[in-house]
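**Q** Give me a model of this one.
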Amino acid sequence: MRRLLQRHEFYVILAILILTIIITSLNPNFLCLENLFDMLKSYSFMGIMAIGVLVVLISGGIDISFTAVATVSQYIMAVLIIKYTGNIVLAFSISIIIGVILGLLNASIIYYFNIPTIIVTIGTLNIFYGLLVVFSGGRWIYTLPQWFARFAEIRIFTLLNSNGNPYGLSIITAIWIAVTVIAAFILRFTTLGRSLYAVGGCGFNKSPAERAGISIFRVQLFVYSFMGFIAGIAGVVQALLVQTVAPNSMVGKELNVIAAVIIGGASISGGTGSITGTILGVILLAVLSNGLTLMRVPSYWYDVVIGLVILTSVSVSAMQQKRKVQRGIAIEED
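**A** Now for the predicted structure:
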């Protein structure tokens, strides 16, 4: 029990359970299976993005440009599949390739010019987004191929509600699950995953990691190309969800994604974070948003609640870290 109380994820699960009980008592429709499947589908975009942000934060960096990368990848993909047609595999391939290229550009600037990651990615956020608006003229794309819309309607399995209407686990949610499994494998079972934690744990001074034989450049190339890979997937997923493509559809949502990862226990200073915590952070935000909507609470209260949740989450993490340090000092004195 003591070990369980020391884990950040325990408190996030506790918060989710408390919120679920409160919201369900006010609106019983919240806990129905159909609403839960819809909630998972709606938050798949944030969940996928959060996986990429987790990897960046673990490595000790921070990426603000991922929504712009996703938007550029999505828009180029949409233009090409409308003009030349294709299939869903081609759509994902185009978006992922663009995302990886832009991610590699971020990594190269960060490494060769030794500029803080937040400065570089704020700059590239504006560059990528600005160039897209210039070349697209801000034009929205409303008509996507029929095969694109049909793919969004696929379910892994289908159930029927009391009215006979179908619902179930969407293929979009399955994509989020697949991305999560891939990232969990990399972080838990590969040398590269351990290197990410080692580099992030060094803080600003990467010399210890280099002396251990870790190539900082290779780590950064992987981290930001992986973020671009994730952004490419998320760009297609967002288009599948809304069936429109707009130059400004995602820019501005990066703070909510970063908030979910931090709520899940990741540290901005690097070296800390888990897939489980990140998923729980996304679920907590989904429960808050969906619950407030069902209770007909004005939408602007959502930002207030998210701010309070972030402060509470960071405070709990800080207290846990302080206790660990105090226990370490007590052991040394004994």
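**Q** Just the element for the closest residue to I96 other than its chain neighbours, please.
**A** With sequence-adjacent residues excluded and distances taken as Cβ to Cβ, 6 or more residues apart in numbering, I96 is closest to G232, at 3.7 Å. Glycine gets a C-beta too; all of them are placed from N, C-alpha and C. Per DSSP states H and E, G232 falls inside helix 216-242.
**Q** Tell me the spacing between the one residue sitting closest to the centre of the chain and V304.
**A** Among the residues of the chain, the one closest to the centroid is A50, at 1.3 Å (Cα atoms, centre = their mean). A50 sits 21 Å away from V304, going by Cβ to Cβ, to the nearest Å.
**Q** how about the strands in the stretch 101-250 of the chain?
**A** Ranges of strands in the stretch 101-250 of the chain, per DSSP state E, counting those that start in this stretch, are 155-160, 166-170.
**Q** Quickly compare these and say which is most buried.
**A** strand 166-170 (a mean of 17; mean count of other Cβ atoms under 10 Å).
**Q** Give me the contact list for it.
**A** 33-34, 37-38, 40-41, 44, 152, 154-161 (Cβ atoms under 8 Å, 6 or more residues apart in numbering).
**Q** what's the closest of these to T24?
**A** Ranked by distance to T24 (Cβ to Cβ), these are led by L33 at 12.9 Å.
**Q** beta partners of the residue nearest to that closest one when sequence neighbours are not counted?
**A** Among residues not flanking L33 along the chain, L159 sits closest, at 7.1 Å (Cβ to Cβ, 6+ apart). Counting by DSSP bridges, L159 forms beta bridges with Y167.
**Q** returning to that earlier point: put together JSON lines for the strands of the stretch 101-250 of the chain, with distance to F226 on each row.
**A** Formatted as JSON lines, the strands of the stretch 101-250 of the chain follow (distance: least, Cβ to Cβ, whole Å):
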{"stretch": "strand 155-160", "distance to F226": "25"}
{"stretch": "strand 166-170", "distance to F226": "24"}
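**Q** In TSV: those, plus mean pLDDT.
**A** TSV is the format used below for the strands of the stretch 101-250 of the chain (pLDDT from 0 to 100):
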stretch	mean pLDDT
strand 155-160	90
strand 166-170	92
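**Q** mind listing what the residue nearest to the centre of the chain touches?
**A** A50 neighbours (Cβ under 8 Å, 6+ apart): 257, 260-261, 264, 278-279, 281-282.
**Q** Recalculate using a threshold of 7 Å.
**A** 257, 260-261, 278, 281-282 (Cβ atoms under 7 Å, 6 or more residues apart in numbering).
**Q** next one: I82
**A** I82 sits next to 144-145 when contact means Cβ under 7 Å, 6+ apart.
**Q** That one sits in which helix or strand?
**A** Going by DSSP H and E, I82 is in helix 66-84.
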